[in-house]
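Participant: dropping a prediction and its sequence here:
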Amino acid sequence: MANLYYKGHTYTIVLKAMDWNKAKAKAESMGGHLVKIESSSENKAVFNYVKGEAKSWKTHYLAFDGGGAEYLWIGASDVGSEGSWRWTDGTSLKYANWGYGGEPDNYNGNQNVAGLALESWPAGKGGLGRAGQWNDVNQWTSLYSVVEFDGLAGTPQADKLKGTSGSNTLLGLQGNDTLTGGRGKDAFVFNTKLNAKTNVDKITDFRVKDDTIRLDDRIFKALDAGSLSLEAFHIGSRAQDEDDRIIYDSRKGALYYDPDGNGSAAQVKFASLAKNLKMTEADFFVI
């Protein structure tokens, strides 16, 4: 299955039917989030992508409280407060594309999350909404979902990602990936489970002056969100004290994470860079 790349973001489809809450958790475990659609052009791009991919699906999932039509989960909900629709990051909807039949209508009082329709509804008739519009449906319905990554993202395989001449955000995700930022001020994000054999990314052109490595605190659990502290960074082959968490071996160009700094838990290699870079703690940011 192909990804969609649109205006610096990456979109993919999770072809496992889940309720909305599980789909949200799955997206976040992948390093992304349920899609946040902020314009009519983005909605059109996402819909056309999904519609094209759906041609090869053997199984299609319907929301029976949504007129029996086929939908995919997107990231909008009003679970927190009825009628106050927000994306999974807590921001309110600046753009919406609800069906024209009074949607969202909270039918039967239990429709609190949004789906992107792949066909008109009610199915076979239409009249309440058309393909590409949104409908509120029951959150416990099992549907496929659309996941968005805020940058150029890879796949579970080994990928080669190359940015533009502007500023880019690159996410290798799973696999031993090769990341090239380009000339701009680039950010390289590490937000999936570490594995020194199967998930080590090579950054080909990291520039200390301009680029940043972003570390997700859900993975790098010993780090606090924000700027990396001076004490948490060390240049050498291994940690020297219990404060050392990010280790740059300048002789090999290897970057490690040490969860405790005292040897109880082994350090894990997660990236390769050029040798002998003049790196400091300022080259990292914990998200």
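Facilitator: Okay, I see it. Predicted model only: the values in this text are computed from it and were never measured.

Participant: secondary structure class for residue 74?
Facilitator: Classification of residue 74 using DSSP: H, G, I helix; E, B strand; the rest coil returns strand.

Participant: where does residue 48 fall, phi/psi-wise?
Facilitator: phi -60, psi -40 (degrees, to the nearest 10).

Participant: can you give me the neighbour number for it?
Facilitator: Look at residue 48: counted by other C-beta atoms under 10 Å, it has 12 neighbours. C-beta here means a position set from N, CA and C on the backbone, and glycine is covered the same way.

Participant: and if you look at residue 170?
Facilitator: Neighbours of residue 170 (other C-beta under 10 Å): 28.

Participant: A strand includes it, no?
Facilitator: Yes. Assessed with three-state DSSP, residue 170 lies in a strand.

Participant: quick check: it vs residue 66, distance?
Facilitator: 36 Å (C-beta to C-beta, to the nearest Å).

Participant: same check, this time on residue 165
Facilitator: For residue 165, the distance to residue 66 equals 44 Å [C-beta to C-beta].

Participant: these two - which one has more neighbours?
Facilitator: Set side by side, residue 165 and residue 66 show more neighbours around residue 66, with 26 against 8, by other C-beta under 10 Å.

Participant: what number of residues lie near residue 235?
Facilitator: Close neighbours of residue 235, defined as other C-beta under 10 Å, add up to 17.

Participant: SS state for residue 22?
Facilitator: Quick answer, by three-state DSSP: residue 22 is helix.

Participant: count residues in the vicinity of residue 128, would you?
Facilitator: Counted by other C-beta under 10 Å, the residues lying close to residue 128 total 20.

Participant: please apply the same query to residue 112.
Facilitator: The burial count for residue 112: 20, using other C-beta under 10 Å.

Participant: once you drop chain neighbours, what's closest to it?
Facilitator: Computed as C-beta to C-beta, 6 or more residues apart in numbering, the closest residue to residue 112 that is not its neighbour in sequence is residue 79, at 4.8 Å.

Participant: surely that neighbour is within a helix?
Facilitator: No. Looking at residue 79 with three-state DSSP, it is coil, so not inside a helix.

Participant: you'd agree it is up against residue 113?
Facilitator: Yes. When contacts are counted by C-beta atoms under 8 Å, residue 79 is listed as touching residue 113 (7.0 Å).

Participant: of the two, who's got more company?
Facilitator: Of the pair residue 79 and residue 113, residue 113 is the one with more neighbours under other C-beta under 10 Å, namely 26 against 13.

Participant: for residue 76, see how far away the more buried one is.
Facilitator: Residue 113 is 7 Å from residue 76, by C-beta to C-beta.

Participant: check residue 283 too.
Facilitator: Taken as C-beta to C-beta, the span from residue 283 to residue 76 is 36 Å.

Participant: try residue 117
Facilitator: Residue 117 sits at a distance of 13 Å from residue 76 (criterion: C-beta to C-beta).

Participant: which residues do the two both contact?
Facilitator: residue 134 (C-beta atoms under 8 Å, 6 or more residues apart in numbering).

Participant: show me the shaky parts of the stretch 51-200 of the chain.
Facilitator: Applying pLDDT under 70 to the stretch 51-200 of the chain flags no residue at all.

Participant: all strands of it, in order?
Facilitator: Assigned by DSSP state E, counting those that start in this stretch, the stretch 51-200 of the chain shows strands spanning 62-63, 69-77, 113-117, 134-137, 143-149, 152-153, 160-162, 169-171, 178-180, 187-190.

Participant: if I've got this straight, residue 218 is in a helix?
Facilitator: No. Under three-state DSSP, residue 218 falls outside any helix and is assigned coil.

Participant: for it, grab phi and psi.
Facilitator: According to degrees, to the nearest 10, residue 218 has phi -70, psi -20.

Participant: show me what contacts residue 53?
Facilitator: Applying C-beta under 8 Å, 6+ apart, the residues near residue 53 are 1, 2, 13.

Participant: can you flag the buried ones in those residues?
Facilitator: Among the contacts of residue 53, those scoring as buried are residue 13 (criterion: 16 or more other C-beta atoms under 10 Å).
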